[in-house]
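S.K.: Fold the following.
(chains A, B, C and D, ligands or ions: 2)
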Amino acid sequence: MSEQTAVHRALGMTDGEYDSVIDILGREPRTAELAMYSVMWSEHCSYKSSRSHLGRFPSEAPWVVVGPGENAGVVDLGDGWLAALRIESHNHPSFVEPYQGAATGVGGILRDVFTMGARPIALWDQIRFGPLDIPKNRYLFGGVVAGIAGYGNAVGVPTVGGEVAFDECYSANPLVNVMCLGIMRREQLVLGTAGSAGSLALLLGKPTGRDGIGGASVLASASFDDESGAKRPSVQVGDPFEEKKLIEACLELYARGLVVGVQDLGAAGLSCATSEPAARAGMGMDVDLDAVHVRESGMTAAELLMSESQERMMAFVEPSRVDDVLAVASKWEIDARVVGTVTAGHTLRIRFQGELVAEVPAASLSEAAPRYDRPAAEPAWLRPRWADTLDHSEAPDLGSVLLALLDDPSIASAAWAFQQYDHMLFLDTVVGPGHDGSLLRLKGTDKGLAVSTDGNGRLCFLDPFRGAERLVYEAALNVAVVGAEPMAVVDNLNFGNPEKPEVMWQFRQSIEGISAACEHLGVPVVGGNVSFYNETDGVDIHPTPVVGLLGMAEPMPDRPPRLDAAASGMDVWMFGPPAIDLAGSSLERVIHGHLGGRPMGADPDMATAVIALARRLAARGTAALHDVSDGGLAVALAEICIRSEVGAEISVDDWRLAFSEAPHLLLAALDPGFDAASLAAAAGVPAVRLGTFGGDRIILRSPDGTCDIALSEAAEAYTDSIPRRLR
Amino acid sequence: MNVTVTIRRRAVIADPHGATVARALADLGHSGVRSLRIDRTIHLEIDGEEPETVRQQVAAMCDQLLANPVLEDYEITVHA
Amino acid sequence: MNVTVTIRRRAVIADPHGATVARALADLGHSGVRSLRIDRTIHLEIDGEEPETVRQQVAAMCDQLLANPVLEDYEITVHA
Amino acid sequence: MSVAVVVFPGSNCEHDVVHAIRALGGEAELVWHRDTDLAGADAVVLPGGFAHGDALRTGAIARFSPVMASVQSMAESGRPVLGICNGFQILCEAGLLPGALIANRDLAFICRMIEVEVTDTATVLTAAARLGQRLMIPLNSYEGNWVDPAGEGRVVVRYVGDPNGSQDRAAAVANAAGNVAGVMPHPERATESMLGSVDGRILLEGFLASVRATSNV
Ligand SMILES: Nc1ncnc2c1ncn2[C@@H]1O[C@H](COP(=O)(O)OP(=O)(O)O)[C@@H](O)[C@H]1O
Ligand SMILES: [Mg+2]
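M.R.: Ligands and ions are numbered 1, 2, ... in the order given. Below you'll find the model as predicted:
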């Protein structure tokens, strides 16, 4: 092996990729050039295994202002308002150092949103760990929650919702995804472009150090093995204070129209923040690395170009505006240096200490990145899994099953986590964490913005198409529950090793499922993220696509439904097609430790009808409205009872309906005498009155047995499940 | 036995708080501060006779809990 | 000149960090910890020739900013 | 009569405070921490957030901001001065309120609606409340645990429970004259029923009434 071979391989490049670099340059790359190609062509930055499939997503709609390809998607909310949204993962960094991994994940997704010109107004975290009886998982969970809180609270953006789930498959590979929503006036929209020849590139924010060299990009692109300890020194540290100042400074720059384009520095740092904006503008750039402000001495050009130091932004500015930009930076006490000049032509030239260290076609770093159409094949184990069903002909003790489900950390209250997050800042959180969808008011308008984020690795493991398709419908139903109409989706595709055909198959099936549902609903996918190589010692996680769906309610309901608003004397109604679907359910997981069978597919027309009905119910002041998901009807009812501090008594025709996780089902607390049946009939949705709220017990009757438990016992199981496991 | 553990963030790892404090000192007119680093020092009083055993016990505490192995180094002093 | 400032929370003041660490150590099976205290140590590299002048300058920094007189005492060591 | 709401780098509740004051019919303007005069304001609020990133100790650096000299003279001249959350921490560091705020007993950030009880009504914060009145107001802090080794502090609002270990269950503290107060929960987050509680109005309306009373003299 030649020395150069050793270098490119150590940087994670294949021999074929190295040859492509030689083809592009017509010569052997210099060290700094090789460093740039290696980070830009990593899986994390180049999407080389996924790019050819992401085009499948429907991404167009009249209200889409910016679709996939920029730092965040942007949609038009009307009346001059735009929303920017994006979701990102920080799975591998969070395993290496949970606090900083999660914290820098929050910092990164915020930058993607305020890079577009928007003020970030809310965050949602979707976090998945192995079971809490293992100390390492408790440490990771605690560290990740503290990291999200530590960064999100201090940077001053509320975390208003999310998901917490636990499963064996995440034990050595936790998933930490964060979604961010921002808003802006239309004229504030900024793109990641370098502008025209003569524009200057200003690097704003923290000094550059050796943080994360080969961190996010290399870490997120390679699996864990016993040597992951060796990758440790590259951990990045987040500084929410600096980020807060950057946000305010950038928003002031946009408001005053002082920049022509902006690009955040994330994975691949300066390599990305110079080449991508230049490529988007069809320009080149001359960059002077000596002008970069540094935290450590003795950094090489390659290190400066690869560094993933946090809280940095690149602004492109016309020369006449530079002094104004520097004055804004100085007011907010952030560093700002001119580090480059945009040039005609397409060449990115980088100089350091009197030497030309890189001279490459700017677009080659992003657009010429390799693309792999990796083989995909249905896993051999899939059909045997489908055949592996449980026999539920005999009814268990329904009361103890319900208590066990309520005590399961994936189902139980996540208050332990979300009460560590500031979820009230900005005074917009009308429906906050602990409900189905979050609802934020947009002050000064009658618009409400609703978001739901949903993932379900078990369903997607058993059937990635059906599972992913159902996620979109579930998210849409969740936003409908607070009165909103779906508008846009962002997705985070958390998968195993794409070099395995069965993982690639799961990946493609999930994309098909998400696309099918989005097409049916008429909702575009405006952005997302792919996280591959979520495997440890050759074992992949369950395929875990996470969907974040933005909806808008206009006008926002005066009193949107809440889980804690049911009251004694109200009726319990169920809307939607009752069906028994226990494959992949919480009942089979918690009670039987089983994962088999084939979950039901979505019924698109019914989904649309139930979603429309939910919106109508929300608009007319329904007290409580809750979609049926993990743990089925019984858990959904218990959640309303616990949160509303009222008992209930209902009956069902078959005990299995109480725990079935069939899609498109809604539970409602309605005033007695309200003619829900006609409303539902008009919407084409089956409806049944199951019973009434009242008393201090949760009573669920079926022909095969009765669940009759004290509300207080249910509440104790539900609220103390996570805290008890952490004590 | 009395033991002192000094926990120090590795030099290559960013230290945002230290940087902010250094800037604040300069703002207050304390010029001449070239560098500033904030460490944690943990003083333990611990049962045991054998310095080497105690040191090993404290090293285990550091690895498990007191120090963050990803970000920090530690140094143990067992006092006579 | 190198200066070390040790900042110590007064014993009468509650110390949630210290208490939490002590409890966690016991949970991890490290019995025998009689007492535990976490100090902050600030290392400064500072211009100056005269140890006494430097000490006074650092004392001023402590009084103003580095220590909170309600909670903490400090000790300054100027290294040769 | 207008209220200056100070913005430190790292503050984040300043817009919420202005929004709430204006909704209650008061006047409020933001003032940057480097400004040295409070632009004719009759009162000042130091809002919540993480001034200077809470580096070293919460509030430690903010107290040296240029604006703090004016806050000090405002306090000395008997004008209403209110610190909310991080603002409370800053007033303690500045010596305008007794004691200091340290980490919560359980070393976790707490963000939730909490019940408090008014125990002293002769301050700018509690002027409109009844003695013993119970209020639901969101708490949102990591360093909300007030300690007062000298035991001179005047506790004016107490937690009904003990969420964070605060001495005397103090949720709000005032100076002897009653014109300077610090409160850990956020009254500005409890002024609209849509957001879960309107009890914060009682504190903010009392504050605005005090502003009116002092600006008339
Ligand atoms: N799963 C996905 N679905 C839709 N768009 C995606 C997906 N993954 C990535 N994208 C889009 O590809 C673009 C490039 O992403 P990336 O390089 O990660 O951006 P950044 O550097 O801002 O993190 C973004 O616009 C992103 O929204
Ligand atoms: Mg980006």
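S.K.: Residue of chain B closest to chain D, please.
M.R.: residue B:20 (3.7 Å; CB to the nearest CB). No exception for glycine: its C-beta is placed from N, CA and C like everyone else's.
S.K.: contacting residues around that residue?
M.R.: A:241, D:52, D:53, D:55, D:56, D:61 (CB atoms under 8 Å, 6 or more residues apart in numbering or on different chains).
S.K.: that's a helix at it, yeah?
M.R.: Yes: membership of residue B:20 in a helix is supported by DSSP: H, G, I helix; E, B strand; the rest coil.
S.K.: roughly how far apart are it and residue A:206?
M.R.: 12 Å (CB to CB, to the nearest Å).
S.K.: Show the pLDDT at the residue of chain B closest to chain D.
M.R.: Here the pLDDT value assigned to residue B:20 is 91.
S.K.: One more: residue D:217?
M.R.: On the pLDDT scale, residue D:217 gets 55.
S.K.: Likewise for residue A:217?
M.R.: For residue A:217, pLDDT reads 50.
S.K.: Over to residue A:224?
M.R.: 48.
S.K.: Residues of chain D that sit close to chain C?
M.R.: Taking CB under 8 Å from any CB of the partner chain, the part of chain D that reaches chain C is made up of D:56-57, D:60-61, D:64, D:92-93, D:99-100, D:102-107, D:145, D:147, D:149-150, D:165.
S.K.: What about those, which are in helices?
M.R.: Assigned to helices by DSSP state H, the following of the residues of chain D next to chain C qualify: D:92, D:93.
S.K.: So among the residues of chain D next to chain C, which ones count as buried?
M.R.: When these are checked for burial by 16 or more other CB atoms under 10 Å in any protein chain shown, the buried set is D:56-57, D:60-61, D:64, D:92-93, D:99-100, D:102-105, D:145, D:147, D:149, D:165.
S.K.: Find the pair from the contacts of residue B:20 with maximum spatial separation.
M.R.: Distances among the contacts of residue B:20 were taken as CB to CB; the most separated pair is A:241 and D:56, at 12.0 Å.
S.K.: count of residues packed around residue D:160?
M.R.: 14 (other CB atoms under 10 Å in any protein chain shown).
S.K.: Show the model's pLDDT score for the closest residue to residue A:519 other than its chain neighbours.
M.R.: Distances taken as CB to CB, 6 or more residues apart in numbering or on different chains place residue A:58 nearest to residue A:519, at 5.1 Å, with adjacent residues excluded. Predicted confidence (pLDDT) for residue A:58: 98.
S.K.: what does the one 3 residues further on give?
M.R.: In this prediction, residue A:61 carries a pLDDT score of 98.
S.K.: ok, it to residue A:614 distance?
M.R.: Separation of residue A:61 from residue A:614 (CB to CB): 21 Å.
S.K.: thinking again about what came up before, show me the contacts for the residue nearest to residue A:519.
M.R.: Residue A:58 touches A:515, A:518, A:519, A:523, A:524, A:525, counting by CB under 8 Å, 6+ apart.
S.K.: Of those residues, which is the nearest to residue C:26?
M.R.: Within the contacts of residue A:58, the smallest distance to residue C:26 is 50.9 Å, found for residue A:525 (CB to CB).
S.K.: State the number of residues packed around the nearest residue to the closest one once chain neighbours are set aside.
M.R.: Nearest in space to residue A:525, with sequence neighbours left out and distances taken as CB to CB, 6+ apart, is residue A:57 at 3.8 Å. Residues lying near residue A:57 (other CB under 10 Å) number 22.
S.K.: How many residues are close by the residue lying closest to residue D:118 once chain neighbours are set aside?
M.R.: For residue D:118, ignoring the flanking residues on the chain, the nearest one in space by CB to CB, 6+ apart is residue D:129 at 4.2 Å. Here the count is done by other CB under 10 Å, and residue D:129 has 23 residues near it.
S.K.: Double-check that residue B:75 belongs to a helix.
M.R.: No: read with three-state DSSP, residue B:75 is strand and lies in no helix.
S.K.: How many neighbouring residues does the closest residue to chain B within chain D have?
M.R.: Residue nearest to chain B within chain D: residue D:55 (3.7 Å; CB to the nearest CB). For residue D:55, the count of nearby residues is 23 (other CB under 10 Å).
S.K.: Next one: the spatially closest residue to it that is not a sequence neighbour relative to ligand 1, how far apart?
M.R.: Setting aside the residues directly before and after it, residue D:55 is nearest to residue B:20 in space (CB to CB, 6+ apart), at 3.7 Å. Per CB to the nearest ligand atom, to the nearest Å, residue B:20 is found 27 Å from ligand 1.
S.K.: residues in contact with residue 132?
M.R.: If you meant another chain, say so; for now it's chain A. Applying CB under 8 Å, 6+ apart, we find residue A:132 in contact with A:138, A:141, A:166, A:409, A:722, A:725, A:726.
S.K.: if you could check chain D rather than the one you did, that'd help
M.R.: Contacts of residue D:132 by CB under 8 Å, 6+ apart are D:117, D:118, D:119.
S.K.: Of these, grab the buried ones for ChimeraX.
M.R.: Provided next is the ChimeraX selection string for whichever of these are buried by 16+ other CB under 10 Å:
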select /D:117,118,119
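S.K.: from the contacts of residue D:132, which ones fall inside strands?
M.R.: Among the contacts of residue D:132, DSSP state E puts D:117, D:118 in strands.
S.K.: Now pLDDT and distance to residue D:48 too, for the contacts of residue D:132, in a markdown table please.
M.R.: Formatted as a markdown table, the contacts of residue D:132 follow (pLDDT from 0 to 100; distance: CB to CB, whole Å):
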| residue | pLDDT | distance to residue D:48 |
| --- | --- | --- |
| D:117 | 98 | 21 |
| D:118 | 98 | 20 |
| D:119 | 98 | 22 |
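S.K.: just curious, which of the contacts of residue D:132 is nearest to chain C?
M.R.: Using CB to the nearest CB, the contacts of residue D:132 come closest to chain C at residue D:119, 21.4 Å.
S.K.: can you give me phi and psi for that closest one?
M.R.: phi -120, psi 0 (degrees, to the nearest 10).
S.K.: With residue A:466 instead?
M.R.: According to degrees, to the nearest 10, residue A:466 has phi -60, psi -40.
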